[in-house]
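Engineer: For reference, the sequence and a predicted model appear below.
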Amino acid sequence: MGDAAARPAGPDLTALANTPATALAPGVYTSSSGTMTIGPGGILYLRGKGVYIFQMGTGLTVGDGASVVLLGGAKASDIFWNVGSLASFGSTAAWSGTIMAGTAVTMGSLTTLDGRALAKAEVTLISNTITVPKNGK
């Protein structure tokens, strides 16, 4: 969590996250507002091999059915979500990467995660599937 937070700020992901058909390349992305929201059914495309670091000073909110789509060699094991406090996921979301939350991670029912959910206080799961990525995935 410390390394991801210490990286220099990158492009503002606040606006990029909800832009249709935007595919982000590997790099560091920072939320100028401190939060990032992906609305219900929203899709965040990540394209290319390399490390992706997302920095949010306070929160990450993922709506029902929202997803991360990996393209062009992007791997769940190379994606890191550094969230200052709460990462909250609606139902049936499909997410990828390691979520590192300062307070808590809460996942709605039937949400899937190809990665890890780490928090300093608590991780709440409701009928979820978490797959820990292997080095090659």
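Structural biologist: Noted; the coordinates are in hand. Residues are numbered from 1 along each chain as shown.
Engineer: secondary structure element for the residue nearest the centre of the chain?
Structural biologist: Against the mean C-alpha coordinate of the chain, by Cα atoms, centre = their mean, the closest residue is residue 81 at 4.7 Å. For residue 81, the enclosing helix or strand under DSSP states H and E is strand 79-83.
Engineer: Output the contacting helices and strands for the helix or strand following that strand.
Structural biologist: The C-terminal neighbour of strand 79-83 among helices and strands, as given by DSSP H and E, is strand 86-89. Under the contact definition 3 or more Cβ pairs under 8 Å, 6 or more residues apart in numbering; DSSP states H and E, strand 86-89 sits against strand 59-62, strand 94-101, strand 104-107. For glycine as for every other residue, the C-beta is placed from the backbone atoms N, C-alpha and C.
Engineer: can you state the direction angle for the longest one and strand 79-83?
Structural biologist: This points to strand 94-101. Here strand 94-101 runs at an angle of 50 degrees relative to strand 79-83 (axes from the mean of the first three to the mean of the last three Cα atoms, to 10 degrees).
Engineer: taking the mean pLDDT, what do you get for strand 94-101?
Structural biologist: Strand 94-101 shows a mean pLDDT of 97.
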